[in-house]
Structure formats: C-alpha cells, structure tokens
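Enquirer: fold the following for me, if possible:
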Amino acid sequence: MDSGQTWRQFAIASIANLLLVAIGYTMGWTAPINGKLQSDEESPLDRPVTVDEEAWIGSLLTIGAIFGPFIVGYLASRIGRKWTMLASSLPLFIGWVLLAAAKDVALLYAGRVFCGVTMGMGFTIVPLYCAEIASDEYRGALGALLQVLLTIGYLLVYGIGPFVSYSVVIYVGTACTVAFAIVIYFMPESPFYYLGKGDKDSAASCLATIRGKTEAGVMTELDAMASDVTASMEKTARMTDLFRGNNFKAFYISMALIFFQQLSGINAVLFYLTDIFEAAGSALDASISTIIIGAVQLGASCVIPLAADRLGRKILLMISSAGTAVGLFLLGAYFVLADNGNPVAEQIGWLPVVALMVFIITFCWGLGSLPWAVMAELFPIEVKVIAMPVVNIFCWILAFLITRYFSALAAATGMGVTFFIFGACCLASFFFTLFLIPETKGKSFQEIQDLLSGNSPKKTPTWK
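Expert: Prediction:
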C-alpha cells in the first residue's frame, strides 16, 4: 500500500510560510526601531522623528498591503502559486534597500510601503497555497503554521532590535527575505494550478512529491481534485457572485472574522509594544518585556497546528475571542487606574505584562491564523481568487486605520478606554463565532459547500 509521507506537506507548507517570518520581522520592526529614530545617536536621520511621523512609519506598512492582494489576484492564476510567492519577496527586498539608504523620512515612508506590498501578497498567497497542497485532515494544521512562522519573525526582531544598530536590523531582515526566495524556488507548484491549466501530468507529479507517493498512488485523490476544478471552470466567477448563496455566507463570515481580528487592536499592540510598556511604567525594562511577549507569542502559536484539526476551528476561535477580551479588559483597567493616579496602579506594575501575555496567547490560539485558514476553506475554487483579495484588502484598510490612529485615539480618550473598545470587539467576536460560524474540521471542500447550503454533507474519502 502506498501510504505516503505526511511530513512532506508539513515541510513544504513550513517553507512557504518562511515568507511570514520575513513579514513578521517587518511588522515588528517599529517596536525596537521607534526608539532609535527618536535618538540623535542611533537614528539614520539628521533629526528625531515626530510623533506624527512615527505613526505614519508604522501605518504605511498597511497602506502597501492594500495593493498586495490585487497583485496576487492577477499573478496566482497566470504564473502559479509558487512563482507568485517568489515574486512577493521582491517588494520586501526593495523596501529593505530603501530603509537602509534612508537619510530622510520620505525614504522611510517609501520603504515601509514596499514592505507592506509583500505583507499583503503573503497573507493572500501563502494560505491559498497551503490550503491547496493539504490533505483534508491536515488542512487546519497547515493553515495554522502561518501564525507560528509569523511570530518567529516578531521574536527575531524583538530579540535583536534593541541591542544592535539600525543598519544591522535592516541587514537581518534582508537576509530573511533572500533566504526565503532561494528555498521557495525548489518547492512544488500547487496541483490545483496545473489542473486549472489542463496539465494533469504535471499535477500528478507535484501531488506525488507533496504526498511522498508514486503518481499511481495519488490518482484517486487527483481525480477528486480534477472533478472540483472542472466543476469550477464551468463557472466564471464575478464580483457579484460574492453576494449570492453560499458565497455570500462565506463572504460575510470571512469579512466578520477579519473585522474582529483587526479590531482586537493586534497590529497597534505589536507595532507600539515597547511604547505601551513605557506608557504603563512597567517594572521591567520595556525592551525585555517586549522580548518576553514575543517568546510567549511563539510558544502559544505552536499550539495551533496541534489543536486546529483536533479541537476544530470554532471552539478555538471562541476560546481566542474570550481570552483576548479578558486580556484587553485587564489592560484597560490598569491604565484607567494609572491615569487617575490611583495608588493601586503602583502595586500592580506587573499587570500590563500579564494582561498582554493573556491577550497574545489567546490571540495566537485562534484570531491570529484561523480567519485566514477558514477563509481559504469556505470559498469554492472559482470564487477564491476573487474573494480572498477582497477580504485581504478590507483587512489592511482596517489595519491602517487602527495603526495610524491608535496613538491619537489613546491621547484623546486614554489608553484605558482604547483597550476597553478593543476588548468589546473581542467579546462580540465570541458571540458571532458561537452562533454563525460552521465547523470545517476534517471536511473536504465539497462537504464545506454542502454545510453552507444547510445540507448534510456527504462524507468523501480521506487520503493518507
């Protein structure tokens, strides 16, 4: 019996997600770099940046990300998923070059926009690729690898950023980008891409590589994939199709999950993590606190690939939504006490670290990666290439608004109220998940469509 090698799909998905290491590095870049840009000795500029310029440096990453999904939508069906991932490393490389050469704020802005383009591309193409190479029983685990590799990038920049020069931080980010571009070249293409081009031989070859089987051993699974692709090619997806039947259910669920993910305030927290600790007057050094949070984030993220296909997406999203709400409410309560000069705040200087640990851990358990994984599962093949860019663009518009105006909102209402608002959104996410999100654990793409239709899904074979 041709049992195959399960580890292959995990290894290939992990290599694809190395792009997320580079993206996580650039997303966390502002945490240690903001202090350098405000220093006369460490800044590459001839003056410290202003508070407004700091906000733009953080938020322009998400402006660049808005353009990424458009590029993926064009390239993925034309040159393939693999080559689109390789192409996505180019804007990031250009971004690092601009940041390294920056002598004025304009080049910093330009560099962050280019880095953001890769972020938008990566969050679109990597989940799509992983969903298409995964067998049904491991699709959740492969989708959850995104969060693990992303947090490695965060921890890397948190760990080295405070202790090395501005230039060294840039060089490490560039090295991560180049390393990804080299290794992804050797990975197989998605079999769905070849099937869409009518090249069944190439599809069989790459699926055999992914599964660790002979081509004869993957033919049954390949025939099922080909059937799905043939059915999808008989339909021409248009933007209006997103608002019809199952597609609309998948669309509003995906949009809502992304809304709650971003309104948790995650990007504002991670971009300004060091600033938050400094504002809280934490008993620990702000840089050390940031490293601790990064390490906790990585540890928590490692749970998801193990749990996503055991506990299911729905229960993990509920746990995540409830936990992030608790962490944010605790953080908000601390800032309310501190802002009002309550002496209790001095006695609980440890609370911001604990609250952020709760927030980060539970965010990683669900809201961090599962919206992307669920999104890749819910849409039929012909609609996916339209839907995922649209949802991703919505994601990055929200991320820009939150990141750009977090400082202004905190200044106007206080840190405490700001975190209470984020916590309320996480609480709303819990009830939305409880009542409206279907469980997709272990189901094939066709079974998921049956589930959205309200029909009892017919069990399809599982290939191991």
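Enquirer: which parts of the helix or strand hosting Tyr193 are buried?
Expert: Taking DSSP states H and E as the criterion, Tyr193 maps to helix 191-196. Using 16 or more other C-beta atoms under 10 Å as the test for burial, helix 191-196 gives 191-196. To be clear about C-beta, it is placed using only N, CA and C from the backbone, and glycine gets the same treatment.
Enquirer: Tyr129 contacts Met85, correct?
Expert: Yes: counting by C-beta atoms under 8 Å, Tyr129 does reach Met85; the two are 6.6 Å apart.
Enquirer: circling back to that earlier point, so what does the following helix or strand past the helix holding Tyr193 touch, helix or strand wise?
Expert: Once helix 191-196 ends, the next helix or strand along the chain (criterion: DSSP H and E) is helix 200-211. Applying 3 or more C-beta pairs under 8 Å, 6 or more residues apart in numbering; DSSP states H and E, one finds that helix 200-211 makes contact with helix 6-16, helix 191-196, helix 219-233.
Enquirer: confidence-wise, which of those helices is weakest overall?
Expert: Comparing mean pLDDT across those, the weakest is helix 219-233, with a mean of 81.
Enquirer: and that helix, what's buried?
Expert: Residues 219, 221-222, 224-226, 228-229, 232 are the ones in helix 219-233 that count as buried (16+ other C-beta under 10 Å).
Enquirer: picking up where we left off before, turn the buried residues of helix 191-196 into JSON lines, including distance to Ala110.
Expert: Below are those laid out as JSON lines (distance: C-beta to C-beta, whole Å):
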{"residue": "Pro191", "distance to Ala110": "38"}
{"residue": "Phe192", "distance to Ala110": "36"}
{"residue": "Tyr193", "distance to Ala110": "33"}
{"residue": "Tyr194", "distance to Ala110": "37"}
{"residue": "Leu195", "distance to Ala110": "40"}
{"residue": "Gly196", "distance to Ala110": "36"}
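Enquirer: report the two of those separated the most.
Expert: Pro191 and Gly196 (9.6 Å; C-beta to C-beta).
Enquirer: pull the helix or strand with minimum mean pLDDT from this structure.
Expert: Ranked by mean pLDDT, DSSP states H and E, the helix or strand of the chain with the weakest confidence is helix 273-280, at a mean of 67.
Enquirer: kindly export whatever helix or strand comes next after that helix (C-alpha atoms) in PDB.
Expert: Following helix 273-280 in sequence order, the next helix or strand is helix 286-301 (DSSP H and E). Extracted C-alpha coordinates of helix 286-301, given in PDB (Å, rounded to 0.1, in the frame of the first residue of the first chain):
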ATOM      1  CA  ALA A 286      10.400  47.900  28.100                       C
ATOM      2  CA  SER A 287      12.700  46.000  25.700                       C
ATOM      3  CA  ILE A 288      12.900  43.000  27.900                       C
ATOM      4  CA  SER A 289       9.100  43.000  28.300                       C
ATOM      5  CA  THR A 290       8.700  43.100  24.600                       C
ATOM      6  CA  ILE A 291      11.000  40.100  24.200                       C
ATOM      7  CA  ILE A 292       9.100  38.200  26.800                       C
ATOM      8  CA  ILE A 293       5.800  38.900  24.900                       C
ATOM      9  CA  GLY A 294       7.400  37.700  21.700                       C
ATOM     10  CA  ALA A 295       8.600  34.500  23.200                       C
ATOM     11  CA  VAL A 296       5.100  33.800  24.700                       C
ATOM     12  CA  GLN A 297       3.600  34.600  21.400                       C
ATOM     13  CA  LEU A 298       5.700  32.000  19.700                       C
ATOM     14  CA  GLY A 299       5.000  29.400  22.300                       C
ATOM     15  CA  ALA A 300       1.300  30.000  22.100                       C
ATOM     16  CA  SER A 301       1.300  29.800  18.300                       C
END
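Enquirer: and for Tyr129 and Met85, which residues touch both?
Expert: Ala16 (C-beta atoms under 8 Å, 6 or more residues apart in numbering).
Enquirer: residues touching the closest residue to Leu108 other than its chain neighbours, list them.
Expert: Nearest residue to Leu108 in three dimensions, chain neighbours excluded: Ala102, at 4.8 Å (C-beta to C-beta, 6 or more residues apart in numbering). Counting by C-beta under 8 Å, 6+ apart, Ala102 makes contact with 44-45, 108, 111.
Enquirer: ok, Ala408 next?
Expert: Counting by C-beta under 8 Å, 6+ apart, Ala408 touches Ala55.
Enquirer: buried residues in the helix or strand harbouring it, which are they?
Expert: For Ala408, the element it lies in under DSSP H and E is helix 381-413. By 16+ other C-beta under 10 Å, the buried positions in helix 381-413 come out as 381-396, 398-400, 402-404, 406-407, 409-410.
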